[in-house]
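Peer 1: Here's a sequence, model it:
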Amino acid sequence: MNTINTNAEDAIICSCSGTKRSQIERLFNQGMDLDEISRWTGAVSGCGGCEWDIEGLLLTLAKPADNSEQL
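Peer 2: Residues are numbered from 1 along each chain as shown. As a prediction, this is how the structure comes out:
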């Protein structure tokens, strides 16, 4: 897995295509999955080193926000 900073909105998550975290988030929120995001941005189509990072980001984005208080 890459050590790319995936917390910063403008962090480049795919260095081959220059795809930023914010681009992936926007496309995911528009309903795209990994394959569609890859075709749209070119991410994951180069060396493939970003695949795990992008998959992890998409899993995180897919989780519902937990707004409940812990007791």
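Peer 1: Return the longest helix anywhere in the chain as PDB; C-alpha atoms alone will do.
Peer 2: Longest helix of the chain, by residue count under DSSP state H: helix 51-62. Extracted in PDB, the C-alpha atoms of helix 51-62 (Å, rounded to 0.1, in the frame of the first residue of the first chain):
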ATOM      1  CA  GLU A  51      -5.500   0.600  -6.300                       C
ATOM      2  CA  TRP A  52      -5.500  -0.300  -2.600                       C
ATOM      3  CA  ASP A  53      -5.600   3.400  -1.500                       C
ATOM      4  CA  ILE A  54      -8.500   4.200  -3.800                       C
ATOM      5  CA  GLU A  55     -10.400   1.100  -2.800                       C
ATOM      6  CA  GLY A  56      -9.900   2.000   0.900                       C
ATOM      7  CA  LEU A  57     -11.100   5.500   0.300                       C
ATOM      8  CA  LEU A  58     -14.200   4.300  -1.500                       C
ATOM      9  CA  LEU A  59     -14.900   1.900   1.400                       C
ATOM     10  CA  THR A  60     -14.600   4.800   3.800                       C
ATOM     11  CA  LEU A  61     -16.800   7.000   1.700                       C
ATOM     12  CA  ALA A  62     -19.400   4.200   1.500                       C
END
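Peer 1: hang on, I13 is in a strand, isn't it?
Peer 2: Yes - counting by DSSP: H, G, I helix; E, B strand; the rest coil, I13 is located in a strand.
Peer 1: which parts of the longest helix of the chain are buried?
Peer 2: The neighbour-count check on helix 51-62 (16 or more other C-beta atoms under 10 Å) flags E51, D53, I54, L57, L58 as buried. For the C-beta atoms, the positions are set from N, CA and C on the backbone; glycine is no exception.
Peer 1: Closest one to R21 out of these, please.
Peer 2: L57 (6.8 Å; C-beta to C-beta).
Peer 1: Do I have it right that that closest one meets E9?
Peer 2: No - the pair L57 and E9 fails to qualify as a contact (C-beta atoms under 8 Å) at a distance of 11.8 Å.
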